[in-house]
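S.K.: I need the structure of the sequence given here:
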Amino acid sequence: MTTATQSAAVARALADIEYAKQNCDSAVGECLDAVGDRIKETGDPDAVFDWILQIIARERCEAKA
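M.R.: Prediction:
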């Protein structure tokens, strides 16, 4: 991914996070802030979202077990 494309993807992801925060409780908002911070650190929203989804899937499996 080129830097310009990466920057556009980061901007879109951060805008999506800010929009989502308008419709959730404070605990979820804090989680979304942490995801946004991770996206800013890595510059790769797709990788961050994949990482988050893996964590959620693992937690759901452990909760069912």
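S.K.: quick one: Ala11 from Tyr19, how far?
M.R.: Taking Cβ to Cβ, to the nearest Å as the measure, Ala11 falls 13 Å from Tyr19. The C-beta positions use only the backbone N, C-alpha and C, and glycine is treated the same way.
S.K.: er, Glu62 I mean
M.R.: Using Cβ to Cβ, which is the criterion applied here, Glu62 is 30 Å from Tyr19.
S.K.: ok, now Ala47?
M.R.: Per Cβ to Cβ, Ala47 is found 21 Å from Tyr19.
S.K.: Please identify the buried residues of stretch 44-62?
M.R.: Buried residues in stretch 44-62, defined by neighbour count with 16 or more other Cβ atoms under 10 Å: 44-45, 48.
S.K.: Do a quick rundown of the helices in this protein.
M.R.: 3-21, 26-42, 45-64 (DSSP state H).
S.K.: Tabulate those (CSV), appending mean pLDDT.
M.R.: CSV is the format used below for the helices of the chain (pLDDT from 0 to 100):
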stretch, mean pLDDT
helix 3-21, 90
helix 26-42, 96
helix 45-64, 93
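S.K.: Now do the contacts for the residue nearest to the spatial centre of the chain.
M.R.: Nearest residue to the geometric centre of the chain (Cα atoms, centre = their mean): Val35, 4.0 Å. Going by Cβ atoms under 8 Å, 6 or more residues apart in numbering, Val35 touches 17, 48-49, 52.
S.K.: Out of those, which comes closest to Lys40?
M.R.: Val48 (9.6 Å; Cβ to Cβ).
S.K.: From Ala27, how far out is that closest one?
M.R.: On the measure of Cβ to Cβ, Val48 and Ala27 end up 19 Å apart.
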